[in-house]
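Colleague: I'll drop the sequence and a predicted model, then ask my questions.
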Amino acid sequence: MTTYTTIAEDTRPLHHPKTWVGKYVWSQDHKVIAIQYSLTAVGVGLVALVLSGLMRLQLAFPGAIPFITPEAYYQFVTMHGMIMVIYLLTALLLGGFGNYMIPLMIGARDMVFPFVNMLSYWVYLLSVIVLLASFFVPGGPTGAGWTLYPPQAITDGTPGAGWGIITMLASLAIFIVAFTMGGLNYATTVLQARTKGMTLMRMPCTVWGIFVATILGLLAFPALFVAAIMMMLDNTIGTSFFMPSIISMGEPLSHSGGSPILFQHLFWFFGHPEVYIVALPAFGIVSDIISTHSRKNIFGYRMMVWAIIIIGVLSFIVWAHHMYVSGMNPYFGYFFATSTLIIAVPTAIKVYNWVLTLWQGDIHLRVPLLFAIGFIFTFIHGGLTGLFLGNVSVDVPLSDTYFVVGHFHMVMGVSPILVIFGAIYHWYPKITGRMWNNVLGQLHFWITFIGVYIIYLPMHYLGLLGVPRRYYEMGETDFVPASVQWANEIITIAALTVGAAQIIFFYNLISSYFRGEKADPNPWGATSLEWQTPDTPPTHGNWGPTLPTVHRWAYDYSVPGAAQDFIPQNVPQGEPGADGDKM
Amino acid sequence: MRVAVVIALLVIGSIAFHFLSPWWMTPIASNWGALDNALILTFWVCGAVFIALNLFLAYSIYRFRHREGSRATYEPENIGLERGLTFWTAVGIVLMLAPGLIAWNKYISVPDDAAILEARGQQWQWSFRFPGADGVLGASAVEHISADNPFGVNPGDPWGRDDIIVESSELHLPLNQPVKLLLTSTDVLHNFYVPQFRAKMDLVPGTTTYLWFTPTKKGTFEILCAEYCGVGHHAMRGYVVVESDADFNTWLSDFPTQSELAGPAAEIAAIE
């Protein structure tokens, strides 16, 4: 407890940047680091977006674009997946939002290890540079699929089996180093640097989501780290961790005795928690957006927090549901199907509580809330299709088909990205001090939301038909009718439209930064601490001379008898107009 | 307001899409109706939840949209409601999980009368091996693979000599005879997938996996590789022809045994 009080009451600035470079480049300010993380993640994410457009062009018009060879197509598939999951979503939600929001929302001046935090960003940038460098190495980037399954990931017959896979594995290892430095910071800051009165059960859901996701990451990424190192050794010095005796392209290789399935276990022991590393911050953020804009406390706060924790714990015992048809011991199927469907219960509770938060609310349909509602819709869709794939025997016909592609894009592509958009619109006024353009924001929402549904709904039906994923082209196949080709063309048109619509988003953010209306410090009337900073945007150290003291939970909206429809967390009990603490 | 209408329209549109789209499971040609039934049950339970939740979402947005002077209700939690929802969700989950697990039990329990054969994958083609008159497949290993021993049958294993080697991507199977496919790969992961049979399993180099089914319809069905296996993945195709016992036997008799392929010299060498 002494540590807790010491940090909370320590008002000395932790570091003194004196130059422009010290302030904005080698910065130790969590807010600057957050922006650096976010811009890098979005930048590399745009590369992945372009790759998805190229893949869609191939699927709609097979062979029409000369440079999209099978090799190139599989390289696009791989780089698109890996960038989106790791370098965009994980980096943006934890490195970006985690960095910006944790200290502000818990009333701290900064992360507890600002120097390590800075290092985390620069190591992350290095991992991105190594990743992008793989586009320029001999043989190009790896085309092993984002799951990088051996043996094909490192044998001839897969594009980039030499340099491509080595740069990918190196980049992943570097990323994990960066994440670990950031993650230790986020977890320690939440545990040690909360301001006076900010008990764990008074933290906003955003902090809970990011906090639990960080712990998942710290426990799950090591599995990927060792898998990457082991595969690197198999590929470079001829060990046989994942390599049995095989004959590759007519040539017997010198490996023997390794297990390809071992890699899959390691990969998914990381890979499944990874889904929640992305989802939990999104769950937390969306809870706060819904609550703020419908002027109502998040329904069942305690249940919401426990659901996040339970989902986090369960996410470590469901990994093999990605491996039902991998050839692992078939008896595992019973256990993993059961554990997977159990995780649906706390997840469903979260969905109910989001909708019940809107119920009897005073709903202001501003752009951030529109995105949050879009998230509820796509997440219900993606969550329910997860029940198909999690239930072992239902998975058998659907596994490795477009049903899977539709499912995971809805649940961990579209859903968290809608939350990210909502979150950017929600916090933009605080971060920049300016308001965005409402008309452009609405336009961006409608094209994106309707567009993604046109993209992904038909994919589920193609999967039910049996169309396999990761096919460069379907070719002549008896059971695939010509209408599947039309579907691919429509999906591609929708995908390119949604991709192009993001220009509206970037234009809005950039032009508003320079010409936007000056924003009110708390334009939505929100209760959580980040809106109560003395300056907008918050300055270095966040709080001026004294840290805020927290007197209530983060959800005192529309409290009966209160003068306003919100009471900030730092307003003491019994103030004029404030009601008693409800929690 | 607009978003409430659009959510409702998306629900209606999804239902319309379901009934109007030409895409649905292919007509089944194996015994795996249990997989289809579990899937269809899941489909209707999830479909109902999808409709109910989203319509409630749309209605809530419409009914409680901000109007001048409106104020939200203050209700931090409602333990009774949350418990009820948890309970009924759990019931729904059990309802879907139970038939799924029962079907899985069948999927992994091979009947005693299943005929055994090996399906072999390599980049990017299929081939097959039948056990021959003794009904037993000889031991094999990639170390033994050569031009006249494509499956790497151990030359010292007497069970392997009458194995019938089908170096063709077209597999014939007798109608209504349960078969257990032993799946092997010489190079990378593959997956044996015939959409009309529903069954699917990876081929893993270094180990043997299996799946079983009973073909219940005569006809020709396409085999697809369903586990990414390199640049030729999409072109790794084959066919299963399901036909009468007589036609099947005629077809099989055209293929050589391992002894015929390797010649007597190989066996003598192995014995010595």
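Modeller: Done, it's in. Residues are numbered from 1 along each chain as shown, chains lettered A, B, ... in the order given.

Colleague: can you pull the contacts of the spatially closest residue to B:Gly138 that is not a sequence neighbour?
Modeller: Sequence neighbours aside, B:Gly160 is the residue nearest to B:Gly138 in space, at 1.8 Å (criterion: CB to CB, 6 or more residues apart in numbering or on different chains). (C-beta placed from N, C-alpha, C; glycine too.) The contact partners of B:Gly160, by CB atoms under 8 Å, 6 or more residues apart in numbering or on different chains, come to B:137-140, B:153-154, B:258.

Colleague: buried members of those into PyMOL, please.
Modeller: Here is the PyMOL selection string for the buried members of these, based on 16 or more other CB atoms under 10 Å in any protein chain shown:
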select buried, chain B and resi 137+138+140+153+154+258
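
Colleague: all strands of the stretch 101-250 of chain B, in order?
Modeller: B:115-122, B:125-130, B:164-166, B:170-174, B:179-185, B:190-193, B:200-203, B:209-213, B:219-225, B:237-243 (DSSP state E, counting those that start in this stretch).

Colleague: quick one: contacts for A:Asn99?
Modeller: Neighbours of A:Asn99 in contact, by CB under 8 Å, 6+ apart: A:30-31, A:33-34, A:37, A:111, A:117, A:182, A:186.

Colleague: what pLDDT does the model give it?
Modeller: Residue-level confidence at A:Asn99 comes out at 97, pLDDT.

Colleague: okay, and it sits in which element?
Modeller: helix A:99-106 (DSSP states H and E).

Colleague: and the helix or strand that that helix is followed by, what's buried?
Modeller: Note on helix A:99-106: by DSSP H and E, the next helix or strand toward the C-terminus is helix A:114-133. For helix A:114-133, burial by neighbour count (16+ other CB under 10 Å) applies to A:114, A:116-121, A:123-128, A:130-132.

Colleague: now the helix holding A:Asn99 against helix A:114-133, angle please.
Modeller: 150 degrees (axes from the mean of the first three to the mean of the last three CA atoms, to 10 degrees).

Colleague: only alpha carbons, please: show helix A:99-106 as CSV.
Modeller: C-alpha atoms of helix A:99-106 as CSV (Å, rounded to 0.1, in the frame of the first residue of the first chain):
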residue,chain,number,x,y,z
ASN,A,99,-0.9,4.2,-23.7
TYR,A,100,-3.1,7.2,-24.1
MET,A,101,-6.0,6.2,-21.9
ILE,A,102,-4.6,4.2,-18.9
PRO,A,103,-2.8,7.1,-17.2
LEU,A,104,-5.5,9.6,-17.9
MET,A,105,-8.4,7.3,-16.9
ILE,A,106,-6.8,6.2,-13.6
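
Colleague: state the distance from the residue nearest to B:Gly138 to chain A.
Modeller: B:Gly160 sits 18 Å away from chain A, going by CB to the nearest CB, to the nearest Å.

Colleague: quick check on the residue in the stretch 101-250 of chain B that chain A sits nearest to: phi, psi?
Modeller: Residue nearest to chain A within the stretch 101-250 of chain B: B:Gly206 (2.5 Å; CB to the nearest CB). Here is the backbone geometry of B:Gly206 (degrees, to the nearest 10): phi 90, psi -10.

Colleague: residue contacts, it?
Modeller: So B:Gly206 contacts A:244-246, A:257-260 (CB under 8 Å, 6+ apart).

Colleague: returning to that earlier point: what about the contacts of A:Asn99, which are in helices?
Modeller: Secondary structure from DSSP state H places A:30-31, A:33-34, A:37, A:117, A:182, A:186 of the contacts of A:Asn99 in helices.

Colleague: could those residues go into a markdown table alongside distance to chain B?
Modeller: Output for the ones in helices among the contacts of A:Asn99, formatted as a markdown table (distance: CB to the nearest CB, whole Å):
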| residue | distance to chain B |
| --- | --- |
| A:His30 | 31 |
| A:Lys31 | 31 |
| A:Ile33 | 35 |
| A:Ala34 | 30 |
| A:Tyr37 | 31 |
| A:Asn117 | 35 |
| A:Gly182 | 32 |
| A:Tyr186 | 27 |
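
Colleague: quick one: which of those residues is nearest to B:Asp202?
Modeller: A:Gly182 (35.7 Å; CB to CB).

Colleague: select from the contacts of B:Gly206 every entry located in helices.
Modeller: Using DSSP H, those in helices are A:Pro260.

Colleague: just the buried ones from the contacts of B:Gly206?
Modeller: Of the contacts of B:Gly206, these count as buried by 16+ other CB under 10 Å: A:244-246, A:258-260.

Colleague: would JSON lines of those residues with distance to A:Ile450 be doable?
Modeller: As requested, those are exported to JSON lines (distance: CB to CB, whole Å):
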{"residue": "A:Pro244", "distance to A:Ile450": "48"}
{"residue": "A:Ser245", "distance to A:Ile450": "52"}
{"residue": "A:Ile246", "distance to A:Ile450": "47"}
{"residue": "A:Gly258", "distance to A:Ile450": "48"}
{"residue": "A:Ser259", "distance to A:Ile450": "46"}
{"residue": "A:Pro260", "distance to A:Ile450": "41"}
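
Colleague: mind listing what the residue in chain A that chain B sits nearest to touches?
Modeller: Residue nearest to chain B within chain A: A:Pro244 (2.5 Å; CB to the nearest CB). Counting by CB under 8 Å, 6+ apart, A:Pro244 makes contact with A:151, A:255-260, B:205-207.

Colleague: go again with 7 Å.
Modeller: Residues in contact with A:Pro244 (CB atoms under 7 Å, 6 or more residues apart in numbering or on different chains) are A:255-258, B:205-206.

Colleague: for it, which non-adjacent residue is closest in space?
Modeller: Closest to A:Pro244 by CB to CB, 6+ apart is B:Gly206, at 2.5 Å.

Colleague: B:Thr220 too?
Modeller: Nearest non-adjacent residue to B:Thr220, counting by CB to CB, 6+ apart: B:Val241, 5.1 Å away.

Colleague: beta partners of the one you found?
Modeller: Note on B:Val241: beta-bridge partners B:His172, B:Thr220, judged by DSSP bridges.

Colleague: residue numbers of the stretch 151-272 of chain B in contact with chain A?
Modeller: B:186-189, B:191, B:193, B:195-196, B:198-202, B:204-207, B:209, B:222, B:224, B:226-231, B:233-234 (CB under 7 Å from any CB of the partner chain).

Colleague: for A:Tyr557, see how far away the residue nearest to B:Ser70 when sequence neighbours are not counted is.
Modeller: Closest residue to B:Ser70 apart from its sequence neighbours, by CB to CB, 6+ apart: A:Asp362 at 5.0 Å. A:Asp362 sits 9 Å away from A:Tyr557, going by CB to CB, to the nearest Å.

Colleague: who touches both of the two?
Modeller: A:295, B:72.

Colleague: so which of these two has more stuff around it?
Modeller: A:Tyr557 (26 against 20; other CB atoms under 10 Å in any protein chain shown).
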